[in-house]
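# Kindly return the folded structure for what I paste below:
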Amino acid sequence: MKYARFGGRLVIVGFGSIGQGVLPLILRHIDLDPAKITIVTAEDRGRDIAREYDIRFIKEPLTRENYRRVLGPLLSTGDFLLNVSVDVSSLALIEFCRDRDVLYLDTCIEPWVGGYTDTTLSPSLRSNYAYREEALKLRRPEGAATAVITHGANPGLVSHFLKQALLNLARDTGLEVSKPAGRADWGELMRKLSVKVVHVAERDTQVPNTPKKVGEFVNTWSIEGFVGEGCQPSELGWGSHEKTFPPDGGRHEFGSGSAIYLNRPGASTRVRTWTPIEGPFHGFLITHGEAISIADYFSVVDGKKVLFRPTVHYAYHPCDDAVLSLHELAGKNWHMQPNKRLLTDDIVGGIDELGVLLMGHAKGAYWYGSQLSTAEARGLCPHNNATSLQVTISVLAAMVWAIENPRAGVIEPEELDFERILGICMPYLGPVVGAYSDWTPLRDRGQLFPEDIDNADPWQFKNFRIV
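Down below sits the predicted model:
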């Protein structure tokens, strides 16, 4: 079905796995003229797919010096810029679109090339927290063209999973509530349910027909994007229940104060977590925008005093070949391998189990999310694997929302209509399940060596972290 009609021009910046995967969804579900779509990208990769759909393809890397010259003739009032690139400043593109009255959407807030690892900046200033604060400064003027920021699978889809999970939890614990009307009500609901910790818990088990080789980085989605965020400081929303501040932690001296960072890369920071199929596992605490925006959105505050805030972070186990790739990357002092392989048609099996794990409430732990297999993803939409389809359908849903709400200005996933987004996404997510568990990070904890743990409160961050 067609969810929206769009008469303007669409420019897709970047055409890696997400750009290639979202294009058929856009053509399937948005009524627009393919002749009005232009792809602007830094590589030839994907040119054959653009040709398959008869879409204009421009190979020209965007830089600080040329992005206005390149994009200027392609976009004007009422058009749409979909940014699924790496190494192109999201802030620059948001301002460009605001100046031209153009709709905008991205899946994360990217800096210009090298920004993630610029050691002339403090860890605080090269964090997602800092990039988010800069993006939120662009909320003015009121009534500006909609710019949906950080809306892929995560960040993005998981925030809508979380709202549905909270309503499910309220129902299952006998808490009689109506659907919250806004931000304050959602925060109060989470507080009433005593949800102390939220993990975006993801386990990718997709397997290629050819194992990773030495000197090769293998992944099921953007390699450059994954390495970039993996080299950023590890970040997490910092909950009001936490007793012990991490010894390598840092607080930001500006902004909402909803998150902290660790003085180490996310790709070298591991935490304990749980998903229904995998069970307990160790995931990487890699920085993601949702850890910051969810912690901020669901905070309950009285003036400047925080009465309640959950601890929120990503807990990610990528496909096994990507884990080996990270191990090799770290051994080379975070310098990228000479060869890269993005897994697409060579995946022979596996799933991506992606959801939110809510902990600390009356029923212990509750996971809600998608268990999408590669086989099902391929059957649902061409040019996708399980990981990419969870992202691309969320991008499509947010594009529809932006077209329906063209004057929302800069807006985050938590502020969108979660039911509208989930309604569009659900047919493409495979089994979407909710599962309760008595798991805690202390369960079956074999203490072979002395550990600094808090047995009185299993939901303390230091109990999750692996040191």
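# How is this structure divided into domains?
By the assignment in automatic domain parsing, the chain contains the domains 4-148, 157-386+427-466.
# got TSV for those, with distance to residue 413, mean neighbour count and mean pLDDT too?
Quick note: C-beta positions are derived from backbone N, CA and C, even for glycine. Compiled in TSV, the domains of the chain are given as follows (distance: least, CB to CB, whole Å; neighbours: other CB atoms under 10 Å; pLDDT from 0 to 100):
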stretch	distance to residue 413	mean neighbour count	mean pLDDT
domain 4-148	8	19	97
domain 157-386+427-466	4	19	97
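# quick one: which of those is nearest residue 393?
Proximity to residue 393 (CB to CB) singles out domain 157-386+427-466 among these, at 4.1 Å.
# Pull up the distance across the closest one, start to finish.
For domain 157-386+427-466, the separation between the terminal residues is 27 Å (CA to CA, to the nearest Å).
# Mind listing what's buried along the helix ranked longest in the chain?
Counting residues, the longest helix found in the chain (DSSP state H) is helix 386-404. When burial is assessed from 16 or more other CB atoms under 10 Å, helix 386-404 yields the following buried residues: 386-403.
# got the CA coordinates for that helix in CSV?
Extracted in CSV, the C-alpha atoms of helix 386-404 (Å, rounded to 0.1, in the frame of the first residue of the first chain):
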residue,chain,number,x,y,z
ALA,A,386,18.0,-9.0,8.5
THR,A,387,20.0,-6.1,10.0
SER,A,388,19.5,-3.6,7.1
LEU,A,389,15.7,-4.3,6.9
GLN,A,390,15.2,-3.4,10.6
VAL,A,391,16.9,-0.1,9.7
THR,A,392,15.4,0.6,6.3
ILE,A,393,11.7,0.0,7.2
SER,A,394,12.2,2.4,10.2
VAL,A,395,13.7,5.0,7.8
LEU,A,396,10.7,4.5,5.5
ALA,A,397,8.2,4.9,8.4
ALA,A,398,9.9,8.1,9.6
MET,A,399,9.9,9.5,6.0
VAL,A,400,6.1,8.9,5.9
TRP,A,401,5.7,10.7,9.3
ALA,A,402,7.7,13.6,8.1
ILE,A,403,5.7,14.0,4.9
GLU,A,404,2.5,13.9,7.0
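# Next SSE downstream of it?
Moving toward the C-terminus from helix 386-404, the next helix or strand (DSSP states H and E) is strand 410-411.
# Sheet partners, orientation included, of that next one?
strand 147-148 (parallel) (DSSP bridges).
# quick one: contacts of the partner strand?
Strand 147-148 is contacted by residues 94, 97-98, 103-106, 138, 398, 401-402, 408-413, 416 when judged by CB atoms under 8 Å, 6 or more residues apart in numbering.
# run the last query once more with 10 Å
Strand 147-148 is contacted from outside by 81-83, 90, 93-95, 97-98, 102-107, 135, 138-139, 156, 395, 398-399, 401-402, 405, 408-413, 415-416, using CB atoms under 10 Å, 6 or more residues apart in numbering.
# any idea how far that strand is from the chain center?
15 Å (CA atoms, centre = their mean, to the nearest Å).
# and the next element down the chain from it?
Using DSSP H and E, the helix or strand that follows strand 147-148 in sequence is helix 157-172.
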